[in-house]
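> What follows is a predicted structure for the sequence shown.
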Amino acid sequence: MTMLKHVVTGCVLAAVLGAPAWAACDPQRNPIPASRYQMNGAEVLDKETGLTWQRCSVGQTWQEGQGCTGAVQGFNWKDAARQVRSGWRLPTRDELLTLVSKACSPSINPDAFPGLDPVKLWYWSSELTDKGLAWLVQFGGGATFNGYQSSENAVRLVRGGK
């Protein structure tokens with residue numbers, strides 16, 4: 001019961017302070033700074049990798065001054081692959097991992113990528129691994145997983161690169 005009280009208190013404080021209760025970084029473990037990114041409205045350029053990312057997950061809309069609004073959609077892998085358009089594509093597992101800092105939870109910079117859904121933190125990569133499986137990257141802690149293509153997960157699109 002005491003643990004529940006602490007969790008509820010943390011959530012209330014986070015709501016009052018405007019930060020998600022699950023957001024925390026250990027500055028000693030090298031979190032990815034917002035200065036690494038060049039943010040331009042709905043897009044963000046990773047100056048280190050040369051990749052341009054959509055700031056919002058598929059299903060959300062970028063609203064200037066508000067960030068990403070709407071719900072993060074879940075897709076099976078085939079439907080995730082159908083979200084590509086106008087030069088945007090599903091990233092590889094290694095590309096998704098360039099966004100990850102295991103020093104933080106969520107492990108992706110919330111200034112560059114606002115509006116994460118703490119329930120939908122697994123993101124599809126473009127890489128198939130075995131019959132019926134594809135790589136996923138989890139933005140809660142940076143884990144990777146060989147997931148069933150039939151499962152529903154989030155999508156973040158990318159273009160370009162070095």
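Great, that's in hand.
> And the helices in the chain, which stretches?
2-17, 77-81, 93-97 (DSSP state H).
> Residue 91: neighbour count?
The number of residues packed near residue 91 is 25, by other Cβ atoms under 10 Å. Backbone N, C-alpha and C define where each C-beta goes, glycine included.
> For it, which residues are in contact?
Neighbour list for residue 91: 51, 125, 126, 156, 157, 158 [criterion: Cβ atoms under 8 Å, 6 or more residues apart in numbering].
> Ranking by neighbours, what's the top pick from those?
In the contacts of residue 91, the most neighbours by other Cβ under 10 Å go to residue 156, 26 neighbours.
> pLDDT score assigned to it?
pLDDT for residue 156: 97.
> ranking the helices of the chain by mean pLDDT, which is last?
Among the helices of the chain, helix 2-17 scores lowest, with a mean of 35.
> got the residue ranges for the strands in this structure?
24-25, 37-40, 43-46, 51-54, 61-63, 67-69, 104-105, 122-130, 133-138, 144-148, 158-160 (DSSP state E).
> roughly how far apart are the residue nearest the centre of the chain and residue 157?
Taking Cα atoms, centre = their mean, the centroid of the chain lies closest to residue 139, which sits 5.2 Å from it. The gap separating residue 139 from residue 157 is 15 Å, by Cβ to Cβ, to the nearest Å.
> Low-confidence bits of this structure, can you list those?
1-23, 27-30, 162 (pLDDT under 70).
> Kindly recompute the last result at 90.
Where the chain drops to pLDDT under 90, the residues are 1-33, 102-106, 110, 118, 130, 140-141, 161-162.
> which residues does the residue nearest to the centre of the chain contact?
99, 100, 106, 107, 108, 116, 121, 122, 123.
> And the residues you listed, which is closest to residue 85?
Proximity of the contacts of residue 139 to residue 85 (Cβ to Cβ) peaks at residue 123, which lies at 17.5 Å.
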